[in-house]
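Novice: Here is a sequence together with a model predicted from it:
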Amino acid sequence: MIADIDPIRRGQSVVEWIIAHLDGLMLGAAVAAAIVGLMLLMRALGHRILAKHPDCTNWRGVIGAVLAKTKLLFMVATAIQIVVQYAPMPARLDNAAHIFFIIAAALQGAIWARELIIGVFKSRVGEEPSESTLGNAISIIRVLVSVTVFAFALVVILDNLGVNVTTLIAGLGIGGIAIGLAAQGIFSDLFAALAILFDRPFRRGDMINYGGRVDAGGTTGTVERIGLKTTRIRSRTGEMVIMANTKLLEQELTNIDEARVHRIWLPFGVTYQTDPDQLERMGEILTPIVAAQKGVRMVRCAVSAFGASAVEFQLVYDDRSRDFDRRALNRSAILIGILRLFNEQGIAFAYPTQTTFTAAPDGTMVMPYARPLPGTPGAAPRKGG
């Protein structure tokens, strides 16, 4: 319970006032010392957490950074305010202590808010800010956040000092709208960069495709740098493509490196003269060729259609390699292996052909190709045997 004691009376010395209010002063000092001690303990704990997590890449590091920024000025202002509550001072001193506490509390709140927001940004950036999304923009983001939180703290201080801040807030609002309209494109790209930071559709080093699907004319390249306004992408042909963040996010994006496996389709066709038994065993005879490649797994190989000039097959396999060149080499090795095996097995690839049938004078059809010899696949059985 706060003591109801009159402030210093006229003609009363400071010593007499202290003796008269000794109980209230001691109680207020004890409470203030306990609270200040608790804040000192929390600040020490924050420094200890920061020593273990200096990069603030997780919530422990963020909390440690916030606690470590507890300022001594705020502790002193808090202690004075508590003592004043238990031992009332003259009106001027009491008002001065209250103003001192408001200023210190507003500034301390702004510092805590800044460290919390920056800590959240760092935790989203990752363990190596210089190598991941928007890591090079943290310093600029810190400036923007600092301006915002301290401007809010200034408004709070002025409002508690009795200043009419309505006009000030209205002026800041109008000024902000004017700046926003003038720099609409810049802020649009900035917010797009923040969207990349939090949503993480891609990171530096990822291979992405944009402007359409990979197999439908899209552009494919490797992300080299993500800035506040633009993203730099190295295309497969070596050119550096620089795109505004807003324009990039407006397109359909495919993060190729995020694929756990890459499913590859290899269509091919063989002639209709191929032995049906060989067609039936096509998946069995091609499996060893596919399995010979590291990280490649056969999915299926089956007849997909009867084409105009071929029996069409669809060979499907999964490639776990994340490197584009490695996948291309695996594909090449499989194609060459299939060609070599077909030569050994006597299986012919089908070419786009058109067969013309003619008729003999008696009206019978003249076959455009030689009849198979007796005993060979496709030959008619001999009479009587």
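Specialist: Cool, the structure landed.

Novice: Quick one: the helices in the protein, in order.
Specialist: Listed in chain order, the helices of the chain (DSSP state H) span 14-20, 22-52, 59-68, 72-86, 91-125, 138-160, 166-182, 184-199, 245-249, 276-280, 282-291, 324-345.

Novice: Which of those sits closest to Val303?
Specialist: Relative to Val303, the nearest member of the helices of the chain by C-beta to C-beta is helix 276-280, separated by 6.5 Å. For every residue, glycine as well, the C-beta is placed using N, CA and C.

Novice: Run through who's touching that closest one.
Specialist: Val270, Ile285, Val303, Val311, Gln345, Ile347 (C-beta atoms under 8 Å, 6 or more residues apart in numbering).

Novice: again, but for stretch 316-323
Specialist: 257, 260-266, 290, 293-301, 327, 330-331, 334.

Novice: From those residues, which land in strands?
Specialist: The members of the contacts of stretch 316-323 that map onto strands under DSSP state E are His262, Arg263, Ile264, Trp265, Leu266, Val296, Arg297, Met298, Val299, Arg300, Cys301.

Novice: Closest one to Asn209 out of the contacts of helix 276-280, please.
Specialist: Distance to Asn209 across the contacts of helix 276-280 (C-beta to C-beta) is lowest for Val303, with 31.0 Å.

Novice: Tell me the buried residues within the contacts of helix 276-280.
Specialist: Neighbour counting by 16 or more other C-beta atoms under 10 Å classes Val270, Ile285, Val311, Ile347 among the contacts of helix 276-280 as buried.

Novice: Redo those as a markdown table? Include distance to Val62 and pLDDT.
Specialist: What follows is the buried ones among the contacts of helix 276-280, written out as a markdown table (distance: C-beta to C-beta, whole Å; pLDDT from 0 to 100):
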| residue | distance to Val62 | pLDDT |
| --- | --- | --- |
| Val270 | 63 | 94 |
| Ile285 | 59 | 92 |
| Val311 | 63 | 94 |
| Ile347 | 64 | 92 |
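
Novice: can you count the residues close to the closest residue to Arg48 other than its chain neighbours?
Specialist: Once its chain neighbours are removed from consideration, Arg48 has its nearest residue in Gly64; the separation is 7.4 Å (C-beta to C-beta, 6 or more residues apart in numbering). The local packing of Gly64 (other C-beta atoms under 10 Å) involves 24 other residues.

Novice: just checking, Gly64 touches His53?
Specialist: Yes: look at Gly64 against His53 with C-beta atoms under 8 Å: they come within range, at 6.3 Å.

Novice: residue ranges with poor pLDDT in the stretch 101-250 of the chain?
Specialist: Flagging of the stretch 101-250 of the chain using pLDDT under 70 yields the residue ranges 124-140, 168, 171-172, 175-176, 178-187, 212-217.

Novice: try 90
Specialist: Scanning the stretch 101-250 of the chain for pLDDT under 90 picks out the ranges 101-105, 114-222, 224-231, 235-239, 241, 243-250.

Novice: if we can go back for a sec, now the buried ones among the contacts of helix 276-280 in a markdown table, with distance to Asn164?
Specialist: Written out in a markdown table, the entries for the buried ones among the contacts of helix 276-280 read as follows (distance: C-beta to C-beta, whole Å):
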| residue | distance to Asn164 |
| --- | --- |
| Val270 | 88 |
| Ile285 | 88 |
| Val311 | 87 |
| Ile347 | 91 |
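
Novice: Just the buried residues of stretch 221-240, please?
Specialist: The neighbour-count check on stretch 221-240 (16+ other C-beta under 10 Å) flags Gly221, Thr222, Val223, Ile226, Gly227, Leu228, Lys229, Thr230, Thr231, Arg232, Ile233 as buried.

Novice: Out of the contacts of helix 276-280, the closest to Ile102 would be?
Specialist: The nearest member of those to Ile102, counting by C-beta to C-beta, is Val303 at 82.2 Å.
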